[in-house]
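J.: how would this look folded up:
(chains A and B, ligands or ions: 1)
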Amino acid sequence: MTDKYTQLVSQGLGKDVAKKLGLPQPVVLRRHHPGAPLVTGPVLVSGDSAGADDLATTMLGWGLDVRRNALPKEKLGAIILVLDAVQHPADLGKPVLTAGASLRDLSPNARVITISRTSQSARTPATAAARQGIDGLLRSLAKELRAGATANGILLDEHEDEHLATTSPSALGALRFFLSGRSAYVDGQFLTIGSASGSLPHDADKPLAGKVAVVTGAARGIGAAIARTLHRDGARIVAVDIPAAGDHLAAVANEVRGTALQLDISRDDAGHRIIEHAVERHGRLDIVVHNAGITRDRLLANMDEGRWQSVIAVNIAAQLRINEALLASEHFKDSPRIVSVASTSGIAGNRGQTNYGASKGGVIGMVRSTAALMEPFGGTINAVAPGFIETEMTAKMPFAIREAARRLNSLKQGGRPEDVAEAIAFLSSDSAGGISGEVLRVCGQQLVGA
Amino acid sequence: MAAADVTTDGPLESATHPQTTRSAVIVGGNRIPFARTGGAYVKSSNQDMLTAALDGLIARFGLQDERIGEVAAGAVLKHSRDFNLTREAVLGSALSPETPAYDLQQACATGLETVIGLSNKIKLGQIDSGIAGGVDSASDAPIAVSEGLRDILLDLNRAKTTVQKLKIIGRIRPKDLAPDAPNTGEPRTGLSMGEHQALTTAQWKISREAQDELAYNSHRNLASAYQRGFFDDLITPYRGLNQDSNLRADTTLEKLSTLKPVFGKNLGSEATMTAGNSTPLTDGASTVLLATEEWADAHGLPKLATVLDGEAAAVDFVHGKDGLLMAPVFAVPRLLARHGLTFEDIDFFEIHEAFAGTVLSTLAAWEDEEFGRTRLGLGGALGKVDRAKLNINGSSLAAGHPFAATGGRIVASLAKMLHEKGMVDGRPARGLISVCAAGGQGVVAILEAA
Ligand SMILES: NC(=O)c1ccc[n+]([C@@H]2O[C@H](COP(=O)([O-])OP(=O)(O)OC[C@H]3O[C@@H](n4cnc5c(N)ncnc54)[C@H](O)[C@@H]3O)[C@@H](O)[C@H]2O)c1
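T.: Have a look, this model is predicted:
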């Protein structure tokens, strides 16, 4: 469902008028569907490190149309800027300017992806400067791209003796995610690859085949989209929501051929009930998506205890308690995945949402701290922070505020629940096994705070 | 598949103990909240509600696309368009369209009889799984046209020319247009069910206080069951309702005692039956999933209880020998005798509260020495039902009574109670269900914890 404004300004007269008035010009984003190609045209791999060569070779193996040098006037589906070997800010100029010369050849909904190393792991100030420079470079570049094109970065972490290759499984997984329509609403973001764990799926269209996934808050909105997307990717779904939402929950569960579990996640025994249901009905539990969340907005000066406590209870305390049960369970030991839905409000803050911001900031803290606890058995935990997503919840916002929120991002439109779901599906997959403790924003590069 | 080995030797009062090799287990149930007539479901047909109850069951147990052995359900108030009600509901549900279905009708015992019928088929080896159910709408009840109008309309249908048709239409008189509203009156006595019960209530000298107390307990027990979350996996909300709308959690004995009597006002004795201690007309639907143990195991589904056996009885209320709703009084001792059981062996009594007077008259008859000797052919009274074991999670006075849906409500709730209770003195917990029905009938059953 494209919003009316996007529809209007994407065609004919509306398009001309919008252009003349200097109104924002959102395009219809390229989104994933089973069987869709990874990219829409040739891929330029720029950079002359060994890592760049290896990556180009791997991508040729995927059957992509890979270029090491741009051909004049050829439309490109993506530019991959491999900067894994830079040691000084002066090293950035040549590869970046070369890539820059090809930006005008990007087709609509194209991708620019940088691959570099984390600045924290740099051994010298100059290397750290070069690496951190890529952060500022990419976020600025993302704001320059047009027509649904996005720019995102992959950061390879370095440990004492582990030097992650550009072709490590999760670097490739992240690359495929960023190239594809699955990342339509992810813009100006970095994903850090922490280890060489993970593996690419046998069947690219069913990356979650054989997995059992629990999705909380699945009766509607983003949760329902997560259930659908994980199901599309091959997972069996346990759809959880409060008993009062049971009718919508049943409809979602039946649509995705899963089971409905009517459960308030803030109950003390929620974790136990979730594990029991998944194991009894589906024989295992691989993925838990903490999506259920509520807002009870008030300026802090007017905040009452009920509003504050209920938001903390549902949005973060429940997740902590359920995670404790998961971590203690023998049924959650086979490279399991936890993905929590945070919010950009928990990062950049939002007027009237001190309680919500605290809960969503809490989710991010929890995710970072829990990563180490998941590691011994190959598990990962990550957060996805949505920006403005078109749901029943946001449809109720006053028109002017909604319009503003929609346009205040690089893609000049709100995201769809499916966009959040795609990021979660990726982080739930085997190919994201080397990514943990991360927060991925799905916000179209929201202009405030991000 | 093992055929059941049933022996019937001679004209015994009841069949001998059936020797079966398979048991029929209750996996679980689902119903929609019951709504007082003219309330939340005023626009819902029997088919809508039965389909909703089925879809909730399918979602709870992941039965999408499953070919169930057979689905049996029914309604007491049926439109002619409902001639294949259950099959139509199956076709509108997420079950496999290759699931066969049949309708059954036995007045208020319809729901319980579908459970008994399907469990017999399971025990016999004819089917491995079944869904029993029932639905009724007094809001969307069929309204018959008057006999006069019916004659005219049938003639009109046979008329060939416009002149003939106009002539026939000219025969319609205003009085023909008054519809025949449905009523629950007994065809052979012309008395309503309430008036019939008033005779029995007076006969057994049941006091107003005792009836009000039973009604009060029903509301209190149902409310606390809701509060405990007992119904979280038994009910799926429907049309904005997530609790039975008749439930008055805050009712008191004082409030109940102020209500004016509505039945038995011309009997010469004190009229004791009020709207508070009689069930209101109600809309709703319920379903129960039955299966063999193997089927439940293979599907990773729970086994709450088994259907031990059932028994039907009927009384001669037309000549006043027994009260209209007293048939269970005779069915229960027969069923207990067949299994060598007494009230001591029963842990839960679920006696459908058509009227508080019905339950209390039934209990009084079982406690009566002379009745036991002369009418039940026993040495004395059948026994005393421990009130602490009676309708402990509420019954029809609080929940309401959509005729054919009541059996499924009771069976699913009792099965869950038995499962929670588990073993008692080294034997499985046992529950007795008793449902009275129009036409002087009654159906009773025994369930055991699985
Ligand atoms: N819509 C947005 O723009 C946006 C932006 C940032 C973050 N988010 C987050 O995304 C998540 C989903 O948001 P949405 O827009 O789909 O909201 P929504 O209100 O449409 O859906 C939330 C679902 O969670 C369920 N839920 C609430 N409390 C629950 C509990 N105690 N137990 C079980 N289920 C419960 C609700 O019944 C509902 O079905 C939330 O965590 C929200 O904070 C949304």
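
J.: now stretch B:204-212, how far from the centre of its chain.
T.: For stretch B:204-212, the separation from the chain centroid amounts to 23 Å (computed by Cα atoms, centre = their mean, to the nearest Å).

J.: Packing partners of the longest helix along chain B?
T.: Using DSSP state H to define each element, chain B has its longest helix at helix B:208-228. Under the contact criterion of 3 or more Cβ pairs under 8 Å, 6 or more residues apart in numbering or on different chains; DSSP states H and E, helix B:208-228 touches helix B:253-257, strand B:273-274, helix B:356-367, helix B:396-399. No exception for glycine: its C-beta is placed from N, CA and C like everyone else's.

J.: Wait, a strand at residue B:120?
T.: No - counting by DSSP: H, G, I helix; E, B strand; the rest coil, residue B:120 is not found in a strand; it is helix.

J.: so what's it up against?
T.: Counting by Cβ atoms under 8 Å, 6 or more residues apart in numbering or on different chains, residue B:120 makes contact with residue B:24.

J.: Kindly report the same for residue B:159.
T.: B:165, B:168.

J.: which parts of the longest helix of chain B are buried?
T.: B:208, B:210-223, B:225-226 (16 or more other Cβ atoms under 10 Å in any protein chain shown).

J.: tell me the phi and psi of the nearest residue to residue B:326 once chain neighbours are set aside?
T.: Spatial nearest neighbour of residue B:326, chain neighbours left out: residue B:315 (5.5 Å); criterion: Cβ to Cβ, 6 or more residues apart in numbering or on different chains. Per-residue torsions, residue B:315: phi -120, psi 160 (degrees, to the nearest 10).

J.: and residue B:315, how many neighbours does it have?
T.: The local packing of residue B:315 (other Cβ atoms under 10 Å in any protein chain shown) involves 22 other residues.

J.: chain center to stretch B:159-179, what's the gap?
T.: Remark: stretch B:159-179 is offset 42 Å from the chain centroid, using Cα atoms, centre = their mean.

J.: my bad, should have said stretch A:244-255
T.: 26 Å.

J.: I'd like the mean pLDDT over that stretch, please.
T.: Mean pLDDT, stretch A:244-255: 98.

J.: Same check on stretch A:148-162?
T.: The pLDDT scores in stretch A:148-162 average 90.

J.: and if you look at stretch A:292-312?
T.: Average pLDDT, stretch A:292-312: 95.

J.: Likewise for stretch B:427-437?
T.: Stretch B:427-437 shows a mean pLDDT of 97.

J.: In it, which residues are buried?
T.: Buried-residue list, stretch B:427-437, by 16+ other Cβ under 10 Å: B:428-437.

J.: what does stretch B:239-250 give?
T.: Quick answer for stretch B:239-250 (16+ other Cβ under 10 Å): B:239, B:241-248.

J.: Same question for stretch B:387-403.
T.: For stretch B:387-403, the neighbour count (16+ other Cβ under 10 Å) marks B:390-403 as buried.

J.: and the closest residue to residue B:440 other than its chain neighbours, what pLDDT?
T.: Distances taken as Cβ to Cβ, 6+ apart place residue B:317 nearest to residue B:440, at 4.1 Å, with adjacent residues excluded. We have a pLDDT of 94 for residue B:317.

J.: about what we covered before: tell me which two of the buried residues of stretch B:387-403 sit farthest apart.
T.: The most widely separated members of the buried residues of stretch B:387-403, counting by Cβ to Cβ, are B:392 and B:403 (23.0 Å).

J.: What is the neighbour count of the residue of the stretch 351-450 of chain B found nearest the ligand?
T.: Proximity of the stretch 351-450 of chain B to the ligand (Cβ to the nearest ligand atom) peaks at residue B:416, 21.3 Å away. By the measure other Cβ under 10 Å, the count of residues near residue B:416 is 21.

J.: That one contacts residue B:234, correct?
T.: Yes - between residue B:416 and residue B:234 there is a contact under Cβ atoms under 8 Å: 6.5 Å.

J.: Overlap in contacts, the two.
T.: B:28-29.

J.: Could you check how far residue A:286 is from chain B?
T.: Distance of residue A:286 to chain B, given as Cβ to the nearest Cβ, to the nearest Å: 16 Å.

J.: Tell me, how many residues neighbour that residue?
T.: Count around residue A:286 with other Cβ under 10 Å applied: 23.

J.: and the gap between the residue lying closest to it once chain neighbours are set aside and chain B?
T.: Closest residue to residue A:286 apart from its sequence neighbours, by Cβ to Cβ, 6+ apart: residue A:211 at 4.1 Å. Noted for residue A:211: a distance of 16 Å to chain B, by Cβ to the nearest Cβ.

J.: Quick check: which element contains residue B:418?
T.: Counting by DSSP states H and E, the element that carries residue B:418 is helix B:406-421.

J.: Following the chain past that helix, name the next helix or strand.
T.: strand B:423-424.

J.: where does the chain dip in pLDDT?
T.: All of this refers to chain A. A:1-25, A:448-450 (pLDDT under 70).

J.: could you do chain B instead?
T.: For chain B, the stretches with pLDDT under 70 are B:1-20, B:141-146, B:150, B:174, B:176-184.

J.: in it, what residue is nearest chain A?
T.: For chain B and chain A, the shortest gap (Cβ to the nearest Cβ) falls at residue B:59, measuring 3.6 Å.

J.: Would you mind giving the secondary structure of that residue?
T.: helix.

J.: Return the residues in contact with it.
T.: Applying Cβ under 8 Å, 6+ apart, we find residue B:59 in contact with A:239, A:249-251, A:253-254, A:259-260, B:94, B:236.

J.: Pick the one among the residues you listed closest to the ligand.
T.: Distance to the ligand across the contacts of residue B:59 (Cβ to the nearest ligand atom) is lowest for residue A:249, with 7.6 Å.

J.: you'd agree that closest one is in a strand?
T.: No - according to three-state DSSP, residue A:249 belongs to no strand; its state is helix.

J.: Strands of the chain, residue ranges please.
T.: This is for chain A. Under the criterion DSSP state E, chain A contains strands at A:43-46, A:66-67, A:76-82, A:106-117, A:150-156, A:190-193, A:212-216, A:236-241, A:259-262, A:287-290, A:337-341, A:380-386, A:439-442.

J.: look at chain B instead
T.: Secondary structure of chain B by DSSP E: the strands cover B:25-31, B:35-36, B:70-73, B:101-103, B:129-136, B:261-263, B:273-274, B:282-291, B:305-314, B:348-351, B:423-424, B:427-428, B:430-437, B:441-449.

J.: is any part of the first one close to chain A?
T.: No - on the criterion Cβ under 8 Å from any Cβ of the partner chain, strand B:25-31 is out of touch with chain A, staying 8.6 Å away.

J.: circling back: kindly present the strands of chain A as a markdown table, with separate columns for distance to residue B:370 and mean neighbour count.
T.: As requested, the strands of chain A are exported to a markdown table (distance: least, Cβ to Cβ, whole Å; neighbours: other Cβ atoms under 10 Å in any protein chain shown):
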| stretch | distance to residue B:370 | mean neighbour count |
| --- | --- | --- |
| strand A:43-46 | 95 | 25 |
| strand A:66-67 | 98 | 18 |
| strand A:76-82 | 93 | 25 |
| strand A:106-117 | 88 | 24 |
| strand A:150-156 | 88 | 26 |
| strand A:190-193 | 84 | 24 |
| strand A:212-216 | 61 | 29 |
| strand A:236-241 | 56 | 29 |
| strand A:259-262 | 50 | 29 |
| strand A:287-290 | 64 | 28 |
| strand A:337-341 | 69 | 27 |
| strand A:380-386 | 72 | 28 |
| strand A:439-442 | 78 | 25 |
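
J.: how about those strands in JSON lines, adding distance to residue B:368?
T.: Formatted as JSON lines, these follow (distance: least, Cβ to Cβ, whole Å):
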{"stretch": "strand A:43-46", "distance to residue B:368": "90"}
{"stretch": "strand A:66-67", "distance to residue B:368": "93"}
{"stretch": "strand A:76-82", "distance to residue B:368": "88"}
{"stretch": "strand A:106-117", "distance to residue B:368": "83"}
{"stretch": "strand A:150-156", "distance to residue B:368": "82"}
{"stretch": "strand A:190-193", "distance to residue B:368": "79"}
{"stretch": "strand A:212-216", "distance to residue B:368": "55"}
{"stretch": "strand A:236-241", "distance to residue B:368": "51"}
{"stretch": "strand A:259-262", "distance to residue B:368": "44"}
{"stretch": "strand A:287-290", "distance to residue B:368": "59"}
{"stretch": "strand A:337-341", "distance to residue B:368": "63"}
{"stretch": "strand A:380-386", "distance to residue B:368": "67"}
{"stretch": "strand A:439-442", "distance to residue B:368": "72"}
